[in-house]
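Novice: sequence-free structure coming up:
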């Protein structure tokens, strides 16, 4: 089969690789019909996440048709159309029983878990196409994928729904929703969202659905800010606005009730602290650039809530622990517990309460995946989301 493989920093290629096979009795094999490039894939593309091996298949946002199932899989059958969550979860461990699916204790194989235990204190859960820190599983930017624990993860797509409507249930829609939920939004709250990429835009939409009175979207790409405005958000362009001063003014001197860092480890801008982070990252004295996280903690009102869906991979410097403690902030973060949110969000899509298709700017054949990565990395104003279609000419 054909698949998008990683070969080094900004070097991804579509290669011919072995077809996946059933390994465990709860597995399924999916023929991919749509797969997307995620903002967190760019962290891999830019060489910022460790434990990738040349030839690894990337991609964790995908859906398709079931073409084979293991003998113990009683949920799926051949011919089902399914969306597959990026989180691989067993469904029965201590964490899965608490619906903390992204923290599954069984989906990251023992021979891979040592790396994440050393970095994070406990083993990470298993994810598709996202380094050997998270299990080394082959990803979904391919013609076919093996899906472990497929009686727990995939959700069957109702007849009559198009791929474009439901594809983002695989990651970014639930991630934006959980980011807003972690803000514990009360009717009329002001929520500030840093980053109007896919997750940030879904966080904006979700916060408004949950009752936020004012959502402030912060970015520097005009098109992305315009998309946020269409949902009813107020836009702040950090290139020509002092963000902290704007937020203070827009909240009557109090600050936002809740803030969302939807940027993560690759924040942009020419602020002094971000230039400091760039320099330290270049010489491997720091792994992540936390400029946005610092700014969000500084801007949030006293007693406010901080939500971080943006991906961080290692260590940050100059964390404002004093502001965090003295202001009495609550911080909630983590990978998305996908299986908890997918059914509810599918219902909201069917009812027309959540829109997803607005985000897609490019549809490309799988063979043009390297072009899609380049556009998503370097043409971010015009490229809001790239969907790859195996079999498309």
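Specialist: It's in. As the structure is a computational prediction, the values presented were derived from the model and not from experiment.
Novice: Could you pull out the helices in the stretch 1-150 of the chain for me?
Specialist: If DSSP state H, counting those that start in this stretch is used as the criterion, the helices of the stretch 1-150 of the chain fall at 39-45, 94-97, 110-120.
Novice: Give the buried residues for the longest one.
Specialist: Along helix 110-120, these residues count as buried under the neighbour rule (16 or more other CB atoms under 10 Å): 112, 113, 115, 116, 119. All C-beta spots, glycine's among them, are computed from the backbone N, C-alpha and C.
Novice: Just give me the neighbour total for the residue lying closest to residue 255 once chain neighbours are set aside.
Specialist: Nearest residue to residue 255, sequence neighbours excluded (CB to CB, 6 or more residues apart in numbering): residue 301, at 3.4 Å. Other residues near residue 301 come to 20 when the count uses other CB atoms under 10 Å.
Novice: got it, and residue 184?
Specialist: 15.
Novice: so who does the nearest residue to it once chain neighbours are set aside touch?
Specialist: Leaving aside its sequence neighbours, residue 184 sits nearest to residue 305 (CB to CB, 6+ apart; 5.5 Å). By CB atoms under 8 Å, 6 or more residues apart in numbering, the contact set of residue 305 is 182, 183, 184, 257, 258, 259, 329, 330, 332.
Novice: ok, so of those, who is nearest residue 193?
Specialist: Among these, residue 259 lies closest to residue 193 (CB to CB), at 7.8 Å.
Novice: Sheet partners, orientation included, of whichever strand or helix holds the closest one?
Specialist: According to DSSP states H and E, residue 259 maps onto strand 258-261. As defined by DSSP bridges, the strand partners of strand 258-261 come to strand 190-194 (parallel), strand 305-308 (parallel).
Novice: nearest to residue 209, of the ones you listed?
Specialist: Residue 209 lies closest, by CB to CB, to one member of the strands paired with strand 258-261: strand 190-194, at 11.6 Å.
Novice: Now that closest one: average pLDDT?
Specialist: For strand 190-194, the mean pLDDT works out to 98.
Novice: Could you do stretch 49-68 as well?
Specialist: On average, stretch 49-68 scores 96.
Novice: Equivalent analysis for stretch 128-147, please.
Specialist: Per-residue scores along stretch 128-147 average to 96.
Novice: from what I can see residue 296 touches residue 263, true?
Specialist: No - Residue 296 lies out of contact with residue 263 (CB atoms under 8 Å); the separation is 9.2 Å.
Novice: Identify the contacts common to the two.
Specialist: By CB under 8 Å, 6+ apart, the residues touching both residue 296 and residue 263 are residue 194.
Novice: Strands of the stretch 1-150 of the chain, residue ranges please.
Specialist: Using DSSP state E, counting those that start in this stretch, the strands of the stretch 1-150 of the chain run over 2-8, 11-16, 28-37, 61-69, 81-84, 87-88, 126-127, 144-147.
Novice: Sketch out the low-pLDDT regions of the protein for me.
Specialist: 270, 285 (pLDDT under 70).
Novice: residues contacting the spatially most central residue of it?
Specialist: Centroid-nearest residue in the chain, with CA atoms, centre = their mean: residue 172, separated by 5.0 Å. Contact analysis of residue 172 by CB under 8 Å, 6+ apart lists 38, 61, 198, 199, 202.
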